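Asks: Here is a sequence with its predicted model. Questions after.
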Amino acid sequence: MGPDMGLDEDALDYHEREPPGKVAIATTKPTNTQRDLSLAYSPGVAVPCREIDANPADAYKYTAKGNLVGVVSNGSAVLGLGDIGAQASKPVMEGKGVLFKRFADIDVFDIELDQDDTDAFVQSVAAMEPTFGGVNLEDIKAPECFEIEERLREEMDIPVFHDDQHGTAIISGAGLLNALDIVGKDVEDIEVAFSGAGAAAVSCAKFYASLGVPREQITMCDIDGVLSQERADAGDLSRHAEPFAQGVEPGDLADAIEGADVLVGLSVGGIVSQEMIRSMADEPIVFAMANPDPEIGYEEAKAARDDRVIMATGRSDYPNMVNNVLGFPFIFRGALDVRATEINEDMKVAAAEALAELAREDVPDQVVKAYGDQPLQFGPEYILPKPLDPRVLFEVAPAVADAAMASGVARESLDLAAYRERLEARLGKSREMMRVVLNKAKSDPKRVALGDGDQEKMVRAAYQLQDQGIAEPVLLGDRETVAAITDDLALDFDPEVVDPEATENEAYAERLHELRKRKGVTRSEAADLVSRDSAYYGSVMVEQGDADALLTGLTHHHPTALRPPLQVVGTAPDAEYVAGVYMLTFKNRVIFCADATVNLDPTAEQLAEITHHVAETARSFDVDPRVALLSYSDFGSVENEGTAKPREAVELLHDDPSADFPVDGEMQADTAVVADILEDTYGFAELDGPANCLVFPNLEAGNIGYKLLQRLGGADAIGPMLAGMDEPVHVIQRGDEVKDIVNLAAVAVVDAQEK
């Protein structure tokens, strides 16, 4: 590890801050009353103990075992530090636990064993089987690590996985599959050279054979040269490395690399020269994964040849980092969720193939932003997904679970479609809520016009909508621009594009003139509007039934984007006003907020109608609405014109038989959302629980309120959803990401289905 005094000081401060370390235990059940404590411990705890005694498998039902992994090490081979011992390795093991929790929501106990004897180590870990759903072995030196894992896998009936061996193999294997695809080579035809013959190198070589590389086409080198038949016969090699020496002639690293298609470095920095890279086959693949310094530098390898070199390292400051965090959290997630007895070769191959496939997909905006807005697109500089890509969880874990079930090591069977939804819910309430709408949309996709269709975000959104079967997108924009974006992003789809400027739009111009001729729009102005403004064109398109829904506004301010749909489509027959509704999702709660985007200072009648709109929106997400009209007054505690409006709106709603949902107000925000205040102080209120729909008294309060909840409350925001329109139309915010556009399009499809 290179010296970096600033980093050193920051790291020490990071670990030292109260509380010291990086992990803690949190309770998952209430412990607020004597009754809670009686259930959590004595005497209630005796009941599940007896159940588990009668049926040991019930430990998965009544304890945390099924979501608990032991990260176990003796600190004998800590990356970059060597044999530092069990105690000194504890920060690393805690860090591993952080990654398990952060990326796959798996709990971890880190276990540091001050034990170098293999027999004693195996006995200690095996004795902990009742505690864990799986064991991750970490930073144990070779060759002991091989024997420890083998014996524990035989003795224990839960997954045991030495990540230092298999993690690098799986992740680099995924990169290998994609690199071969890019250079047009078949896995069974390539020659692979290894610099290094330790635990990680041997595991990579074995795994590449599982992917289809013939063993006889793999040549390995250690510090003494090529692993040859001669050295094997002399007993110079471990039994784990010996199979890769069979039939191999003696030589050195340069001999092994010459003519190879792939070089895999798992040795020491600076050992590979540019001349060696030049001796490789056409368009070589170089995985130089020694840390912190690779076997050959990124720039050196690229500069060594005139043709293309696909390069990967173990460093985060270069493209194609082979990062084990892409593997172990998600592999264990899938294994735990089917209660697998082991992590077998089929499961590892499934993980690698899922990672390879994901790298070929369009990358979400949130991931691009997380990595400094650097271009992330499948190709030589991007052959592996990024760890912060949330899709890794619900692509890799189901693939692993499916392989476990297919190979017969799973004790539980899963519906994979339902399982994916459960995994998405782990990433946040917003994904759980949107899954309801996405499933509805996919059941009957509708035709959705996308204004500003020649913008990159719209093209990417159209690709996802079509690829996932959510909608039938129609891009409104310049055809050549859309085609260029599609080609640049390598999106494999042929979108429907309507170019308002190049399309015969006589009928649309006539219809717009008919609708607006008494509002100051001449016939020529109408023709100009539909040809140059996709919001007007799309609005007429929807109004005429040529599209089922419209999304617009990506490049315009909200009032400007809202004007064309209001002028052309208008409000629904039973509505006088529209409202902007946001869905805010917290960890265990969802709140709908209105009006946050449209009505500046609504009257009591408008507030009553807005209340209907927000209740209908909540129901579209399968949420039973409980609506509170907010104020700074609680049920008449302050009397003025401002507090009177929400009070009058509630009176109108209570007299309205169509308001078939609990609603009350005026009330303060904390009264609305805190059960104790509502029940203890205002037991007369019509709400039968904390409100999940909040109606703000004016636009200023609504906009301030939802943004504070989003930014300070940590909520995810979906919206604004435009409620009350005669046809499904939604106005996108200018800074929205692709996922926001896809979500709103799904909402529009569901609106269209209901209409």
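Replies: The structure has been received and is ready for your questions. Residues are numbered from 1 along each chain as shown.

Asks: mind listing the strands for the stretch 451-600 of the chain?
Replies: For the stretch 451-600 of the chain, strands defined by DSSP state E, counting those that start in this stretch occupy the ranges 471-476, 496-498, 549-552, 579-585, 590-594.

Asks: thought V590 was touching N692?
Replies: Yes: under the criterion of CB atoms under 8 Å, V590 makes contact with N692 at 6.3 Å. Using the backbone N, CA and C atoms, a C-beta is placed for each residue, glycine as well.

Asks: list the residues that contact both of those two?
Replies: Counting by CB atoms under 8 Å, 6 or more residues apart in numbering, the common neighbours of V590 and N692 are V623.

Asks: So what's the residue count around N291?
Replies: Using other CB atoms under 10 Å, N291 is surrounded by 15 other residues.

Asks: Kindly apply the preceding question to Q123 instead.
Replies: Close neighbours of Q123, defined as other CB under 10 Å, add up to 13.

Asks: I'd like to know how far it sits from D105.
Replies: Applying CB to CB, to the nearest Å, the value for Q123 to D105 is 31 Å.

Asks: same question, A290
Replies: Separation of A290 from D105 (CB to CB): 32 Å.

Asks: got the residue ranges for the strands in the stretch 301-450 of the chain?
Replies: Listed in chain order, the strands of the stretch 301-450 of the chain (DSSP E, counting those that start in this stretch) span residues 310-313, 446-450.

Asks: JSON lines for the ones you listed, including distance to L551 and mean pLDDT?
Replies: Output for those, formatted as JSON lines (distance: least, CB to CB, whole Å; pLDDT from 0 to 100):
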{"stretch": "strand 310-313", "distance to L551": "38", "mean pLDDT": "96"}
{"stretch": "strand 446-450", "distance to L551": "5", "mean pLDDT": "97"}
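
Asks: I'd like the ones you listed written out as a markdown table, with distance to P143 added.
Replies: Below are the strands of the stretch 301-450 of the chain laid out as a markdown table (distance: least, CB to CB, whole Å):
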| stretch | distance to P143 |
| --- | --- |
| strand 310-313 | 26 |
| strand 446-450 | 59 |
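
Asks: between these, which gets nearest to E155?
Replies: strand 310-313 (35.8 Å; CB to CB).

Asks: Extract the CA atoms of that closest one and return them as PDB.
Replies: Taking C-alpha atoms only, strand 310-313 is exported to PDB below (Å, rounded to 0.1, in the frame of the first residue of the first chain):
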ATOM      1  CA  ILE A 310      -8.600  -5.000 -23.400                       C
ATOM      2  CA  MET A 311      -7.200  -4.300 -20.000                       C
ATOM      3  CA  ALA A 312      -8.600  -5.000 -16.500                       C
ATOM      4  CA  THR A 313      -6.900  -4.400 -13.100                       C
END
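
Asks: helices or strands next to it in the packing?
Replies: helix 163-183, strand 285-288, helix 298-303 (3 or more CB pairs under 8 Å, 6 or more residues apart in numbering; DSSP states H and E).

Asks: now what about the second one, what contacts it?
Replies: Okay, so that is strand 285-288. Contacts of strand 285-288 (CB under 8 Å, 6+ apart): 172, 175-176, 179-180, 183, 261-265, 272, 277, 280, 294-298, 301, 309-313, 322.

Asks: related to what we said a few turns ago, adding mean pLDDT and distance to L99, write the strands of the stretch 451-600 of the chain out as JSON lines.
Replies: Below are the strands of the stretch 451-600 of the chain laid out as JSON lines (pLDDT from 0 to 100; distance: least, CB to CB, whole Å):
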{"stretch": "strand 471-476", "mean pLDDT": "97", "distance to L99": "36"}
{"stretch": "strand 496-498", "mean pLDDT": "96", "distance to L99": "43"}
{"stretch": "strand 549-552", "mean pLDDT": "96", "distance to L99": "37"}
{"stretch": "strand 579-585", "mean pLDDT": "92", "distance to L99": "25"}
{"stretch": "strand 590-594", "mean pLDDT": "94", "distance to L99": "29"}
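
Asks: And the helices and strands packed on strand 310-313: which comes nearest D660?
Replies: helix 163-183 (52.6 Å).

Asks: And A290 and D105? Which one has more around it.
Replies: Set side by side, A290 and D105 show more neighbours around A290, with 21 against 15, by other CB under 10 Å.

Asks: Regarding the more buried one, what is its secondary structure?
Replies: Following DSSP: H, G, I helix; E, B strand; the rest coil, we place A290 in the coil state.

Asks: quick one: terminal-to-terminal distance for stretch 375-395?
Replies: 22 Å (CA to CA, to the nearest Å).

Asks: So, low pLDDT: which residues of this structure?
Replies: In the predicted model of the chain, residues 1-5, 373 satisfy pLDDT under 70.

Asks: Domains in it, by residue range?
Replies: For the chain, automatic domain parsing gives the domain ranges 20-163, 166-317, 326-427, 436-568, 579-724.

Asks: Let me have these in CSV, extended by distance to V731.
Replies: As requested, the domains of the chain are arranged in CSV below (distance: least, CB to CB, whole Å):
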stretch, distance to V731
domain 20-163, 35
domain 166-317, 39
domain 326-427, 19
domain 436-568, 4
domain 579-724, 6
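
Asks: wait, which of those is closest to E9?
Replies: Taking CB to CB, domain 20-163 is the member of the domains of the chain nearest to E9, at 15.3 Å.

Asks: quick one: the closest one to chain centroid distance?
Replies: How far domain 20-163 lies from its chain's middle: 26 Å, per CA atoms, centre = their mean, to the nearest Å.

Asks: Okay then, goodbye and thanks.
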